[in-house]
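*Asks:* Dropping a prediction and its sequence here:
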Amino acid sequence: MAEAESADTVRGPADRVRDLLGIGYIDAKRARAIELAVPEAREQVIGWLADFARAGAWRDFEAFANLALHLRPEAVGAAVAPVVGAAPAGANVEDLVELLADAGPGAAPAVPALLALLEARAPHDGPYYGLSLKIIAALSAIATPPARAALHALAADAAATPLRAAAALGAKS
């Protein structure tokens, strides 16, 4: 037993969290179990996200971002926003947009990044506009005055015809 504990100490808390994350959906109950097993995860998860982003370790970034959604919902928006804004190759930006929607008002710092992504991708997102609709859903869930203003502007924009109805509905919710 002492040998296993020693290996965990050498490997570090991020490695232990990675092992516990495994694969699959991370709900609040699973996040709490990880936090109990690795108490420093709550304080360090946002820093780990920055480290993974710098390294381009997108699989780890996405898994730890899902953990951060439950451990630090007030900070996840600011941590995820730079990746959403840059949309680097290899990052699953659609999943990160959905995560921001799940964070709701805690994702307020990500509103400018979401708008930049929408502006860049909407012209090429048709005919179904999957990513654009996810961005609109995230803005609606964030529901801060800047997010609502963006939805109102999009709903009034004649050039954004395919997305106007979704934006109008999002602005009212």
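*Replies:* In hand now; what should we look at? Residues are numbered from 1 along each chain as shown.

*Asks:* Straight-line length of stretch 50-67, end to end?
*Replies:* End-to-end distance for stretch 50-67, by Cα to Cα, to the nearest Å: 14 Å.

*Asks:* neighbouring contacts of it?
*Replies:* Outside of stretch 50-67, the residues within contact range by Cβ atoms under 8 Å, 6 or more residues apart in numbering are 14, 17-18, 21, 25-26, 31, 34, 41, 45, 48-49, 76, 79-80, 82-83, 88, 90-92, 95-96, 99. (Glycine included, C-beta is placed from N, CA and C.)

*Asks:* do that again at 7 Å, thanks
*Replies:* 17-18, 21, 26, 31, 34, 45, 48-49, 76, 79-80, 82-83, 88, 90-92, 95-96, 99 (Cβ atoms under 7 Å, 6 or more residues apart in numbering).

*Asks:* Below-threshold pLDDT in the protein: ranges please.
*Replies:* Filtered on pLDDT under 70, the chain yields the residue ranges 1-11, 158, 160-161, 165-166, 168-173.

*Asks:* What is the neighbour count of residue 57?
*Replies:* Residues contacting residue 57 under the criterion other Cβ atoms under 10 Å number 16.
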